[in-house]
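1. Predicted coordinates and the sequence they were generated for:
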Amino acid sequence: MRKKIFILILSASSLFPLAAFGQSGSEKDMKETMPYSAEGEKDTAVFAGGCFWGVEAVFESLKGVTDVQSGYSGGPARLASYRMVGTGTTGHAESVIVEYDPSVISYEKLLEVFFLVAHDPTQFNYQGPDIGPQYRSAIFYNSEMQKETAESYIGKLEKEKLYGQPIVTEVTELDAFYPAEDYHQDFMALNPDHPYIVYWDAPKLRHLEEMFPALLKE
């Protein structure tokens, strides 16, 4: 049975099918929370792998992915803001929620891209230049299928000894996803010349093109 995911509704306009997104957490009044159960043709997956700018851009590039949103998972609603999460004391990780069509791309294929392209799963509580538990590697599952698939895939990677160090990725049940502030959404697409993007995130897209050319949108 699929677990209901609670996604915070923050504004009247809907920029994403699962909720109406605006600023999050204490930076904007929280009006109500809405249960969402992914059924039918679409499903969702939530990943954390360092700064959400590059992770979002990687998943946005994949066929079968219909939308990606940057946000926060792992902590309480009242602390779900960039200012608070940046303190590293909220329990939140910078995350992305990926809406996808399982008939086009599987959850396991999303995991493959997450581990091999989007981030380094051996870095504990940091990713590149970003340090703190808010940049930890994590998978927030919303069903037993996702939990079992993620744990099995990690076991497979460890058995193959693909990395020189242990995988530190957490596999945690998803309680809620809180959308990040508007200026974080589509950040890489809107700011391709930003120094952080050029140095840390653009190489991820080049790596994606090299490793999984068949998965890319036209």
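-> Cool, got the structure. Residues are numbered from 1 along each chain as shown.
2. Any idea what the most centrally placed residue in the chain is bridged to?
-> With distances taken as C-alpha atoms, centre = their mean, the chain has Val96 as the residue nearest its mean C-alpha position (2.4 Å). Beta bridges link Val96 to Phe47, Ser70, judged by DSSP bridges.
3. List the residues that contact it.
-> With contact set as C-beta atoms under 8 Å, 6 or more residues apart in numbering, Val96 has these partners: Val46, Phe47, Ala48, Phe52, Val55, Glu56, Phe59, Val68, Gln69, Ser70, Gly71. C-beta here means a position set from N, CA and C on the backbone, and glycine is covered the same way.
4. Between those, which sits nearest Gly132?
-> Ala48 (12.1 Å; C-beta to C-beta).
5. Could you give the number of residues near the closest one?
-> Neighbours of Ala48 under the rule other C-beta atoms under 10 Å: 29.
6. re earlier: can I get the contacts of Val96 in a markdown table with pLDDT and distance to Val104?
-> Conversion of these to a markdown table gives the following (pLDDT from 0 to 100; distance: C-beta to C-beta, whole Å):
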| residue | pLDDT | distance to Val104 |
| --- | --- | --- |
| Val46 | 98 | 19 |
| Phe47 | 98 | 18 |
| Ala48 | 98 | 24 |
| Phe52 | 98 | 23 |
| Val55 | 98 | 20 |
| Glu56 | 98 | 19 |
| Phe59 | 98 | 13 |
| Val68 | 98 | 15 |
| Gln69 | 98 | 19 |
| Ser70 | 98 | 22 |
| Gly71 | 98 | 23 |
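7. so can I have CSV of the residues you listed showing distance to His207?
-> Formatted as CSV, the contacts of Val96 follow (distance: C-beta to C-beta, whole Å):
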residue, distance to His207
Val46, 22
Phe47, 16
Ala48, 19
Phe52, 18
Val55, 13
Glu56, 16
Phe59, 14
Val68, 18
Gln69, 23
Ser70, 20
Gly71, 24
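8. Just the buried residues out of those residues, in ChimeraX syntax.
-> Command for ChimeraX, covering only those of those found buried under the criterion 16 or more other C-beta atoms under 10 Å:
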select :46,47,48,52,55,56,59,68,69,70,71
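9. Go through the contacts of Val96 and name the one nearest Tyr153.
-> Among the contacts of Val96, Phe47 lies closest to Tyr153 (C-beta to C-beta), at 12.4 Å.
10. can you give me the helices in the chain?
-> Counting by DSSP state H, the chain has helices at residues 52-60, 82-85, 107-113, 144-160, 187-190, 195-196, 202-211.
11. packing partners for the fourth one?
-> To tie it back to what came earlier, the one meant is helix 144-160. Packing partners of helix 144-160 (3 or more C-beta pairs under 8 Å, 6 or more residues apart in numbering; DSSP states H and E): helix 107-113, strand 137-141, strand 170-173.
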